[in-house]
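Student: could you work out the structure for the sequence below:
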Amino acid sequence: MQTCSAEGYQEILQKTAHALSGVLQESEIVELLLKQVTSALSLPKALVLLLSREGDRLMIAGSMGLSDVYLERMPLTLADSPAHQRAMAGEMVIGPIAADGGLALPAAALEGVKRLVAVPMSVREHVIGILHLYLDDKTTFASADRVLVSAMTDLGGLALEKVRLQQSLFRIAESISSSLELDTMLQKVLEATVAEMWLKAGVIRLSDPKARQLRLVAAYGLSQAYLDKGDIHLRKSEIDRRVMAGEVVVLPDVRDAPEFEYHEAAAREGIVSILAAPLVVRAQAVGIMRVYSAQPRRFGPVAVNFLKSAADLVGLAIENARLYAALKGRYKDLKLDLADWRRFLVLG
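Tutor: Purely as a prediction, here's the structure:
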């Protein structure tokens with residue numbers, strides 16, 4: 001493996017960041033990252049694995065120099081690999097390839113490599129995948145190389161996050177434009193938002209100003225027993241009052257949130273974290289969008305801004321749907337007026 005000066009490593013990182021900034025497809029980002037890393041470290045084989053939506057497997061996103069026999073053994077189940085569990089916890093794991101409890105599958109022996117480096121791919125302290133680097137007995141892996149490959153892998157993670165966010169908002173916008181019927185549109189956009197954020201469930205509630213209630217209009221991923229709590233009275237829900245006042249509310253763990261009133265129901269439903277944003281039409285909150293996680297989530301700035309962007313799109317769509325309904329009503333009234341006018345002319 002080649003050894004670079006500090007200036008050489010800096011140049012590699014600059015080139016990698018510049019190249020990744022212009023890529024708009026996930027597959028192209030992975031391919032570019034593999035080329036950059038293997039070129040910088042003079043390694044012939046590498047693999048990128050990304051965490052599945054369910055969080056239990058590592059799926060192949062791209063590879064270089066590896067045989068089909070080896071790749072066919074994927075996806076990798078995290079429960080079967082303690083070493084990869086350590087990598088997904090943020091640790092760079094370096095060790096010999098072993099069939100049982102090691103860093104790879106038995107087919108790795110066919111690749112002519114003896115050691116494997118598992119590099120966590122992190123985005124804002126959240127690991128989304130692992131980069132595999134394959135070494136022989138003679139290859140060294142110095143501390144400077146570890147710093148370099150960690151930085152390059154994280155640059156790839158940030159590029160993936162950017163592309164995923166762009167594509168996710170596009171898919172949500174598509175679901176919004178799929179129907180002008182309000183209830184249908186809200187259900188589709190809620191399902192898309194929950195899926196794109198890799199969460200458990202979500203609800204959309206619209207405000208009934210006269211009754212001071214939030215009426216359920218769309219739900220996804222929740223049991224009927226949980227939904228049977230009924231409409232929410234704003235005077236009883238501090239969280240929803242804050243959201244209706246324009247605040248995006250984060251509850252990292254509802255078990256430790258005294259302002260959350262349904263602790264037992266949430267525990268039965270498997271809800272741990274909640275993120276809620278207002279639905280705004282003409283600077284006025286008309287409802288809320290809540291999403292739920294089955295795992296503790298702090299919901300950092302990226303997740304908060306993403307849900308807020310989705311909620312803003314929904315607000316625009318609600319206004320469009322209401323305008324459409326009003327136009328339909330006017331059209332029906334106009335048809336009735338024309339029918340009455342024709343009868344008047346016929347009867348004289």
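Student: and Val149, which helix or strand is it part of?
Tutor: Assigned by DSSP states H and E, Val149 belongs to helix 143-177.
Student: who does whatever helix or strand comes next after that helix touch, helix- and strand-wise?
Tutor: Toward the C-terminus, helix 143-177 is succeeded by helix 182-196 as the next helix or strand (DSSP H and E). Identification of packing neighbours for helix 182-196 by 3 or more Cβ pairs under 8 Å, 6 or more residues apart in numbering; DSSP states H and E yields helix 143-177, strand 201-208, strand 213-220, strand 284-293, helix 301-347. The C-beta positions use only the backbone N, C-alpha and C, and glycine is treated the same way.
Student: mind putting these into TSV with distance to Tyr226?
Tutor: Converted to TSV, those look like this (distance: least, Cβ to Cβ, whole Å):
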stretch	distance to Tyr226
helix 143-177	24
strand 201-208	9
strand 213-220	9
strand 284-293	10
helix 301-347	20
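Student: possible to save the ones you listed as CSV with distance to Glu269 and mean pLDDT?
Tutor: Shown next, in CSV, are these (distance: least, Cβ to Cβ, whole Å; pLDDT from 0 to 100):
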stretch, distance to Glu269, mean pLDDT
helix 143-177, 24, 85
strand 201-208, 8, 93
strand 213-220, 12, 92
strand 284-293, 8, 94
helix 301-347, 20, 71
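Student: okay, those in a markdown table with mean neighbour count next?
Tutor: Output for the helices and strands packed on helix 182-196, formatted as a markdown table (neighbours: other Cβ atoms under 10 Å):
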| stretch | mean neighbour count |
| --- | --- |
| helix 143-177 | 18 |
| strand 201-208 | 21 |
| strand 213-220 | 19 |
| strand 284-293 | 22 |
| helix 301-347 | 14 |
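Student: out of those, which is closest to Glu247?
Tutor: Closest to Glu247 of these is strand 284-293 (Cβ to Cβ; 9.7 Å).
Student: now for the residue nearest to Pro120 when sequence neighbours are not counted, how many residues are close by?
Tutor: Nearest residue to Pro120 in three dimensions, chain neighbours excluded: Val127, at 4.7 Å (Cβ to Cβ, 6 or more residues apart in numbering). By other Cβ atoms under 10 Å, 16 other residues sit near Val127.
Student: one more: Leu135?
Tutor: Count around Leu135 with other Cβ under 10 Å applied: 20.
Student: tell me the pLDDT at it?
Tutor: Confidence at Leu135, expressed as pLDDT, is 85.
Student: ok, Met121 next?
Tutor: 94.
Student: run through the residues that contact the residue nearest to Pro120.
Tutor: By Cβ atoms under 8 Å, 6 or more residues apart in numbering, the contact list for Val127 reads 51, 87-90, 120-121.
Student: so it: helix, strand or coil?
Tutor: State at Val127, reduced to three classes by DSSP: H, G, I helix; E, B strand; the rest coil: strand.
Student: who's it bridged to?
Tutor: Taking DSSP bridges as the rule, Val127 bridges to Ser122.
Student: does Gly90 touch Met121 like I think?
Tutor: No: using Cβ atoms under 8 Å, Gly90 is not in contact with Met121; the gap is 10.3 Å.
Student: neighbour count winner among the two?
Tutor: Higher neighbour count among Gly90 and Met121: Met121, with 28 against 11, using other Cβ under 10 Å.
Student: measure that one to Leu13 for me?
Tutor: According to Cβ to Cβ, to the nearest Å, Met121 and Leu13 sit 15 Å apart.
Student: now do Leu49 against Gly129, distance only.
Tutor: 5 Å.
Student: so what sits against both of these two?
Tutor: In contact with both Leu49 and Gly129: 58, 61, using Cβ under 8 Å, 6+ apart.
Student: distance of the residue minimising distance to the centre of the chain from Glu191?
Tutor: The C-alpha lying nearest the average C-alpha coordinate of the chain belongs to Met197 (Cα atoms, centre = their mean; 3.0 Å). Distance of Met197 to Glu191, computed by Cβ to Cβ: 11 Å.
Student: and for Leu32?
Tutor: Distance of Leu32 to Glu191, computed by Cβ to Cβ: 32 Å.
Student: now swap in Pro258 and tell me
Tutor: Separation of Pro258 from Glu191 (Cβ to Cβ): 31 Å.
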